[in-house]
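In: Pasted the sequence and its predicted model underneath.
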Amino acid sequence: MPEAAGIDAIDRAIIDSLQGGFPICERPYAAVAEALGIGEEQLLERLQAMLEARVLTRFGPMFQVERMGGAFVLAAMRVPEADWQRVLDVVNAFPQVAHNYRRESDRHCDFNMWFVLATETADGIASAVRSIEEASGLPVFPFPKLREYFVEMKLAVRT
Amino acid sequence: MSGAPARAVDTIDRRLIVATQSGLPLVARPYHQLAEELGIAPEEVMERLASMLDSGVIRRIGAVPNHYAIGYTANGMSVWDVPDERIDELGARIGALDFVTHCYHRPRKLPEWPYSLFAMVHGSSRAEVQAKVAEIAALLGADCRAYDVLFSTAILKKTGLRIGG
């Protein structure tokens, strides 16, 4: 099992405790630090260091754009290998593309580019899909969520 | 799940979102610092954040670990073709498994894409993810008509949501 690079027991405890709810009060870091048995200053330094080292990609509120009238939609494309770099540049240039992953399966599934479109209005998705299709010359398959089943971060840090 | 916004977001909420979308200030009194930046009272910052949490505009306040850095180097998007009339019951059971971090019902795109249930599975190796996917297959039994697992092989972009100031 791979090592979680550069993470010690205190970092692990911090990450595990901060996957849940962070308090809203005057000194929230002090409250979390107390529960962990460390100092407020130490918690702030550790968080800063883990963000700089990219152990954490983010710390703060996670917004659900759907609840603000916007939309967040998974979409996929089947990109021929020979055309990969051109299409990647085209797709990533769109500010509506929030994440983009290359994926492969053992079963010859040719949907190999998977990205998330985030727009401030729900009708922004359809126009983003159209624009990407026009710019790339390839079809885009949107997979809007019809229902979400119990989504929660629950991965414990591994060592 | 989707549809009308659960809570209207006003101009001050919007400024609060813009001020925190890249992260919460790492200072002893983060909400007070935000209040100073926005020219409003700290109590108002805390009330607005609490209200956005209640209504789901904010899912949670917390840390997002880099999966690779915390030891989960393999992630597989498992996708399943299950009967429509069974999907809600099956989705709830699979979403509750402790190794599934996201679970959604999404539309099929026939003929290219027969799968309707998506479950993200994380592990330390592809073999571990495959073993967990086998657990899901066993749980679904005859309700699983076909499935696949798509492993991520590269992060091509990761900026997250950015709304304009």
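Out: Thanks, I have it. Note that this is a predicted model, so its numbers are computed, not measured.
In: which SS class is B:Gly23?
Out: In the three-state summary, B:Gly23 is assigned as coil, counting by DSSP: H, G, I helix; E, B strand; the rest coil.
In: Contacts only, for A:Gly60.
Out: Shown in contact with A:Gly60 (C-beta atoms under 8 Å, 6 or more residues apart in numbering or on different chains): B:Thr20, B:Gln21, B:Ser22, B:Gly23, B:Leu24, B:Ile61. The way it works is simple: take the backbone N, C-alpha and C, and place the C-beta from them, glycine included.
In: repeat that with 10 Å
Out: For A:Gly60, the residues meeting the contact criterion (C-beta atoms under 10 Å, 6 or more residues apart in numbering or on different chains) are A:22, B:19-26, B:30, B:58, B:61-64.
In: how close does it sit to B:Arg108?
Out: When distance is defined by C-beta to C-beta, to the nearest Å, A:Gly60 is 36 Å away from B:Arg108.
In: Repeat that for B:Val79.
Out: For B:Val79, the distance to B:Arg108 equals 10 Å [C-beta to C-beta].
In: and which of the contacts of A:Gly60 is nearest A:Asp8?
Out: Looking at the contacts of A:Gly60 and their distance to A:Asp8, the nearest is B:Ala63, at 15.9 Å (C-beta to C-beta).
In: what about that closest one, how many residues close to it?
Out: Number of residues near B:Ala63 (other C-beta atoms under 10 Å in any protein chain shown) recorded here: 25.
In: average pLDDT across stretch B:45-64?
Out: When the per-residue pLDDT values of stretch B:45-64 are averaged, the result is 93.
In: nope, stretch A:140-152 is what I meant
Out: The predicted confidence, averaged over stretch A:140-152, sits at 87.
In: circling back: touching both of B:Val79 and B:Arg108, which residues are there?
Out: Counting by C-beta under 10 Å, 6+ apart, the contacts common to B:Val79 and B:Arg108 are A:Phe143, B:Pro114, B:Tyr115, B:Ser116.
In: From chain A, how far off is the second one?
Out: Here B:Pro114 is placed at a distance of 11 Å from chain A (C-beta to the nearest C-beta, to the nearest Å).
In: just the contacts of A:Gly60 now: which is nearest B:Ala127?
Out: For these, the minimum distance to B:Ala127 (C-beta to C-beta) is 26.0 Å, reached by B:Val64.
In: Tell me how many other residues surround A:Ala135.
Out: As a burial measure, the neighbour count of A:Ala135 was computed by other C-beta under 10 Å and equals 14.
In: for chain B, which spans come out with low pLDDT?
Out: B:1-7, B:159-165 (pLDDT under 70).
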